[in-house]
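After the sequence you'll find the predicted model.
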Amino acid sequence: MASKVEERRAALSEKLVDIAEAKIAADGHQAIRARDLAAEAGCAVGAIYTLYADLDHLVMAVNGRTFHRLGAHVAGAVLAAASEDPADQLVVMGQAYLSFAAANPKSWRTLFDLEMSAEADVPDWYLIELGALFELIARPLAQIYPDQSEDQIGLLTRTLFSSVHGIVFLGLEKRLSAVPTEAMARMIARLVRAVVS
């Protein structure tokens with residue numbers, strides 16, 4: 001059973017993540033400042049750093065929630081398209097990824113703004129959420145390419161994700177090289193169908 005101190009720490013941690021999540025959704029992770037968080041949470045600035053090594057770790061906690069919501073959104077779209085053929089399911093996934101990013105631009109962008117690489121000490125929850133998202137993509141790819149090895153399906157999964165992510169990222173950032181916003185969903189469908197044709 002948790003002690004009163006542990007319960008208070010857990011409650012403060014949850015409150016800080018709630019506050020940071022709202023700030024990120026409104027203004028991006030650059031809006032996270034320890035003094036503002038402490039004032040809103042009703043705690044000392046030092047209390048934040050007893051729970052989180054630094055503000056990036058707090059942002060990572062918010063990212064955990066965002067990644068989970070993203071995965072649930074894409075999984076829900078796949079469930080609704082369960083009767084479709086595998087290529088159509090992949091199109092639905094790509095378009096669901098776009099719709100989540102467009103509806104939650106600052107939270108979604110924060111998933112990729114923190115420095116993380118394959119060599120970094122990545123939290124277990126991140127690998128679990130990423131694995132679940134990749135599994136959604138890999139399943140229909142394995143149906144389309146039954147003769148491919150698990151490693152080959154894994155590589156194709158990452159390639160497809162990276163391609164769709166690139167369209168979404170550049171489009172939402174309105175970069176010069178981007179697909180126009182109104183054509184993004186259509187071009188994601190075209191890209192996916194070209195990959196699996």
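Thanks, I have the structure now.

so where does V78 fall, helix or strand?
V78 is part of helix 55-80, with elements assigned from DSSP states H and E.

Pull out the buried residues from that helix.
Residues of helix 55-80 classed as buried: 55-56, 58-64, 66-67, 70-71, 73-75, 77-78 (neighbour count, 16 or more other C-beta atoms under 10 Å). From N, CA and C alone the C-beta is placed, and that goes for glycine too.

The protein - how does it break down into domains?
Split into domains by automatic domain parsing, the chain comes to 1-52, 61-196.

Would you reformat the ones you listed as TSV and include mean pLDDT?
Converted to TSV, those look like this (pLDDT from 0 to 100):
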stretch	mean pLDDT
domain 1-52	94
domain 61-196	92
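
From T181, how far out is the spatially most central residue of the chain?
In the chain, the centroid-proximal residue (C-alpha atoms, centre = their mean) is F67; its distance is 3.6 Å. When distance is defined by C-beta to C-beta, to the nearest Å, F67 is 24 Å away from T181.

Would you check how far apart the closest residue to L55 other than its chain neighbours and L51 are?
The shortest distance from L55 to any non-neighbouring residue, by C-beta to C-beta, 6 or more residues apart in numbering, is to I32 (5.3 Å). I32 sits 14 Å away from L51, going by C-beta to C-beta.
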